[in-house]
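In: Mind folding the following:
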Amino acid sequence: MDARILQIRGNFLQPRNMVDLDQPLVPLGCVPLSDGNGLRFLWPVFALMC
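Out: Below is the predicted model of the structure:
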């Protein structure tokens, strides 16, 4: 699965799934970036083809 970041709002990230280059990107829901203590679950990387 090739997941890309659609948007980040507050403590939540909305990933999207790239199914095919000719199809629109499909949102996968929202994922928290950290827990209540500030421990990071995910580290978003904004890079091309990373």
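In: Mind pulling up the pLDDT for the residue of the chain most remote from its centre?
Out: If you look at how far each residue of the chain sits from its centre, by Cα atoms, centre = their mean, the farthest one is N37, at 20.8 Å. On pLDDT, N37 comes in at 88.
In: Beta-bridge partners for the most centrally placed residue in the chain, please?
Out: Taking Cα atoms, centre = their mean as the criterion, P15 is the residue nearest the geometric centre of the chain, at 2.9 Å. Beta-bridge pairing of P15, defined through DSSP bridges, involves I5.
In: Could you report the distance from it to D35?
Out: As judged by Cβ to Cβ, to the nearest Å, P15 and D35 stand 18 Å apart. Glycine gets a C-beta too; all of them are placed from N, C-alpha and C.
In: okay, and the helix or strand of this structure with the least pLDDT?
Out: Taking mean pLDDT, DSSP states H and E as the measure, the helices and strands of the chain show their lowest mean at strand 26-27, namely a mean of 76.
In: mind listing what's buried in stretch 14-22?
Out: Of the residues in stretch 14-22, those buried under the neighbour-count criterion (16 or more other Cβ atoms under 10 Å) are P15, R16.
In: repeat for stretch 3-15
Out: Counting neighbours by 16+ other Cβ under 10 Å, one finds that the buried residues in stretch 3-15 are L13, P15.
In: Touching that stretch from outside, list them.
Out: Outside of stretch 3-15, the residues within contact range by Cβ atoms under 8 Å, 6 or more residues apart in numbering are 16-18, 25, 27-34, 42, 44, 46.
In: which non-adjacent residue is nearest P27?
Out: Distances taken as Cβ to Cβ, 6 or more residues apart in numbering place R16 nearest to P27, at 5.3 Å, with adjacent residues excluded.
In: give me every residue that touches the one you found.
Out: Going by Cβ under 8 Å, 6+ apart, the list of residues near R16 reads A3, R4, I5, L6, L25, V26, P27, L28.
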